[in-house]
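Chemist: Here is a sequence together with a model predicted from it:
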Amino acid sequence: MSMFENTHPELTRIGIRIENVDSRYKPLMRMGISIDEMIYLARRLYPLIRDGKRILDLGCGNGLITVILSKLISEAEFHAVDDWKKVSRDDLIKNIEIDKAKIALGEFTDQFTLSYQDTYFDFVYSVMFLSNIGKDGRTKISDEVHRVLKEKGKFVVIDTLVFRGKIKKDLGDKFKLDWYGEENGFSFFVWSK
């Protein structure tokens, strides 16, 4: 039996073992993306965040992207938060244990308030979350991410192309846009504090 039996071929290609990924990590409607797209986005995020010591996944959904990244950047301290309304925190805890990932799960203490100290993270990233929380939510998240990011820290946002203007407008007051790109129907923002 192969070491990578029952794992996704793209994960095998990058040397990561996550067995039965399609059955254990259910796609999340809020994110609207497939397992293949999550793997692709994790690979796109990797070079952007690989130098981070403390990294936060904001609105982690099923957690697959962070599980992959925690395996690629094993020396980093990963955290993941969600409101846990549309995804099972217990399922993610089981998957983290099965996949031997090192991820600390958190949650919002109230309407998008993060329970982390000021200037704690080198990188924060968010995939397909900001377009689902409205202008007030994006304003609150912007304040919170700015608070928890270290000076010169990066906030990487991946979202749908149709919301790129709103995201740029709502985050542009707090962050400096270092890079923007569009690829495969996604908008990629790299903001700095």
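Modeler: All right, it came through fine.
Chemist: tell me the contacts of Pro27?
Modeler: Contact analysis of Pro27 by C-beta atoms under 8 Å, 6 or more residues apart in numbering lists 33-35, 38, 62. Quick note: C-beta positions are derived from backbone N, CA and C, even for glycine.
Chemist: where does the spatially most central residue of the chain fall, helix, sheet strand or coil?
Modeler: Centroid-nearest residue in the chain: Asp57, 3.7 Å away (criterion: C-alpha atoms, centre = their mean). Following DSSP: H, G, I helix; E, B strand; the rest coil, Asp57 is assigned to strand.
Chemist: circling back: give the buried subset of the contacts of Pro27 as a PyMOL selection command.
Modeler: Entered in PyMOL, the line below selects the buried ones among those, by 16 or more other C-beta atoms under 10 Å:
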select buried, resi 33+35+38+62
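Chemist: What is the most widely separated pair among the contacts of Pro27?
Modeler: Farthest pair in the contacts of Pro27 (C-beta to C-beta) is Ser34 and Asn62. Separation: 11.4 Å.
Chemist: Distance from the helix or strand bottoming out on mean pLDDT in the chain to the middle of the chain?
Modeler: In the chain, no helix or strand scores lower on mean pLDDT, DSSP states H and E than helix 9-13, which sits at a mean of 88. Computed by C-alpha atoms, centre = their mean, to the nearest Å, the separation of helix 9-13 from the middle of its chain amounts to 20 Å.
Chemist: hmm, who's touching it?
Modeler: Under C-beta under 8 Å, 6+ apart, the answer for helix 9-13 is 4, 17-18, 21, 36, 39-40, 43, 68.
Chemist: surely Ser192 meets Lys154?
Modeler: Yes - contact criterion C-beta atoms under 8 Å: Ser192 and Lys154 qualify, at 5.6 Å.
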